[in-house]
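Undergrad: Need the 3D shape of this:
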Amino acid sequence: WADADTWFERQQQEEEMKRLQTEQNAAMKEAERLHREKVAAEKNGETDEADPMAVAEAQAVN
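TA: Modelled structure (predicted):
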């Protein structure tokens with residue numbers, strides 16, 4: 001019976017690892033998607049953040 005318990009526990013651990021890996025992959029894909037959207041928005045000039053180079057140039061001109 002000890003072998004059966006060990007086998008069952010190993011199966012449970014493998015399933016848990018697969019579940020965690022699936023969650024991790026989903027989180028990484030979401031992070032990549034958000035990053036791509038941010039880069040695309042910045043490329044299109046739709047960012048709300050001030051461009052540090054533009055701010056420095058404006059200060060240098062004034």
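Undergrad: biggest helix in this structure by residues?
TA: helix 2-43 (DSSP state H).
Undergrad: model confidence over that one, on average?
TA: Computed over helix 2-43, the mean pLDDT rounds to 92.
Undergrad: CA atoms of the next helix or strand after it as CSV?
TA: On the C-terminal side of helix 2-43, the nearest following helix or strand under DSSP states H and E is helix 52-61. What follows is helix 52-61 as a C-alpha-only set of coordinates in CSV (Å, rounded to 0.1, in the frame of the first residue of the first chain):
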residue,chain,number,x,y,z
PRO,A,52,12.2,62.6,-21.0
MET,A,53,14.1,63.5,-24.1
ALA,A,54,11.4,66.0,-25.2
VAL,A,55,11.3,67.5,-21.7
ALA,A,56,15.1,67.9,-21.7
GLU,A,57,15.0,69.5,-25.2
ALA,A,58,12.2,71.9,-24.2
GLN,A,59,14.2,73.0,-21.1
ALA,A,60,17.4,73.4,-23.1
VAL,A,61,15.6,75.7,-25.6
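Undergrad: which residues touch helix 52-61?
TA: Residues outside helix 52-61 that contact it (CB atoms under 8 Å, 6 or more residues apart in numbering): none. Yep, even glycine has a C-beta here, placed from its N, CA and C like the rest.
Undergrad: For the residue nearest to the spatial centre of the chain, give its distance to Ala54.
TA: For the chain, the residue sitting closest to the mean C-alpha position, by CA atoms, centre = their mean, is Ala31 at 2.7 Å. Counting by CB to CB, to the nearest Å, the gap from Ala31 to Ala54 is 27 Å.
Undergrad: OK, contacts around Phe8?
TA: By CB under 8 Å, 6+ apart, Phe8 has no neighbours at all.
Undergrad: Please save the CA atoms from stretch 34-49 in PDB.
TA: What follows is stretch 34-49, C-alpha atoms only, in PDB (Å, rounded to 0.1, in the frame of the first residue of the first chain):
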ATOM      1  CA  LEU A  34       0.200  44.300 -22.300                       C
ATOM      2  CA  HIS A  35       3.800  45.200 -23.100                       C
ATOM      3  CA  ARG A  36       3.100  45.000 -26.800                       C
ATOM      4  CA  GLU A  37       0.000  47.200 -26.400                       C
ATOM      5  CA  LYS A  38       2.100  49.700 -24.400                       C
ATOM      6  CA  VAL A  39       4.900  49.800 -27.000                       C
ATOM      7  CA  ALA A  40       2.300  50.200 -29.800                       C
ATOM      8  CA  ALA A  41       0.600  53.100 -27.900                       C
ATOM      9  CA  GLU A  42       4.000  54.800 -27.300                       C
ATOM     10  CA  LYS A  43       4.900  54.300 -31.000                       C
ATOM     11  CA  ASN A  44       1.600  56.000 -31.900                       C
ATOM     12  CA  GLY A  45       2.200  58.800 -29.500                       C
ATOM     13  CA  GLU A  46      -0.800  57.800 -27.300                       C
ATOM     14  CA  THR A  47       1.200  57.700 -24.100                       C
ATOM     15  CA  ASP A  48       0.300  59.800 -21.200                       C
ATOM     16  CA  GLU A  49       3.800  59.900 -19.800                       C
END
